[in-house]
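Fold the following for me, if possible:
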Amino acid sequence: MGKGYFVTGIDTNIGKTYVTTQMVACLQRKGIDAIPYKPIQSGVVKVNDRFIGEDVAFYKEKLPLLEDDHYYNSYTLETPVSPHLASKLENVFIDEQVIFEKYKQLENKHDVVFVEDAGGVAVPLKENFGTIDLIKLLNLPVILVTTLSLGTINHTVLTTEYLKSHQINILGLLINKVPSTMTEMEKDSLMMLEKLTGQVILGVIPEQSDFFTEDHIFEIQQLLTK
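All right, here's what the predicted structure looks like:
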């Protein structure tokens, strides 16, 4: 049986898909059978004359994933809004047990599964069931993606406190989009994020970093020993 990690972020468009893909790529290069899994996707792109979830399309573009698109995603919603609204507009019933069973199948087949959420920890997935409930259902430790931009301290602290209030195990923070030369604000944010959240910083991902390079900025083995 493999391991699983739940990847979430402090806001939408924070880079969860990019970070998830980087972590999968890093493990795959080490010979570890790692895959991404996006339970619910809101928003699609057209690839080869058909519409697929935009995050799965990114996975498939950057990673050597052999299975069909649906293997890495359970619910694909066309409307790029919160899943609870998109599913209502498109008359799609989201069944969390379908997601749970799919995750367990992936966990039994692969060494590591990175489960990427849709939006953030407080996002509703349907009426009376949100991302925080999905984390509890899957019982996975959380990797929180954040940045050093203005406002990130507030958003990161609030997100970690929300997770703690629900007794969720936070593995640590991954800092995305870090410039090669940091400003004084960014240097201070890096220090304050660790201090105020009480969370370990697993690593930083540089702005404009390339895929499939050997110079990795987080120690992936740390993830495997948690």
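
What are the buried residues along stretch 185-204?
186, 189-190, 193, 197, 199, 201-204 (16 or more other CB atoms under 10 Å). Any C-beta I mention is one placed from the backbone N, CA and C, and that applies to glycine too.

Same question for stretch 138-149.
138, 140-148.

Let me see the confidence value for the residue nearest to V178 when sequence neighbours are not counted.
Spatial nearest neighbour of V178, chain neighbours left out: V204 (4.4 Å); criterion: CB to CB, 6 or more residues apart in numbering. Per-residue confidence at V204 stands at 82 (pLDDT).

Can you name the residues bridging to V204?
Per DSSP bridges, the residues bridged to V204 are I175.

Could you check how far it is from G172?
For V204, the distance to G172 equals 12 Å [CB to CB, to the nearest Å].

Backbone dihedrals for the residue of the chain most remote from its centre, both of them.
Farthest-out residue of the chain from its mean C-alpha position, per CA atoms, centre = their mean: E184, at 28.1 Å. E184 adopts backbone torsions of phi -60, psi -40, taken as degrees, to the nearest 10.

what's the spacing between it and L150?
In terms of CB to CB, E184 sits 13 Å off from L150.

mind showing which ranges of this structure have poor pLDDT?
208-226 (pLDDT under 70).

for it, what spans make up the helices?
16-29, 54-62, 83-89, 96-109, 131-138, 152-165, 184-197, 220-225 (DSSP state H).

which parts of the third one are buried?
Using 16+ other CB under 10 Å as the burial criterion, the residues of helix 83-89 that qualify are 83-84, 86-88.

a markdown table for those, including distance to K30?
Output for these, formatted as a markdown table (distance: CB to CB, whole Å):
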| residue | distance to K30 |
| --- | --- |
| P83 | 33 |
| H84 | 38 |
| A86 | 36 |
| S87 | 37 |
| K88 | 42 |
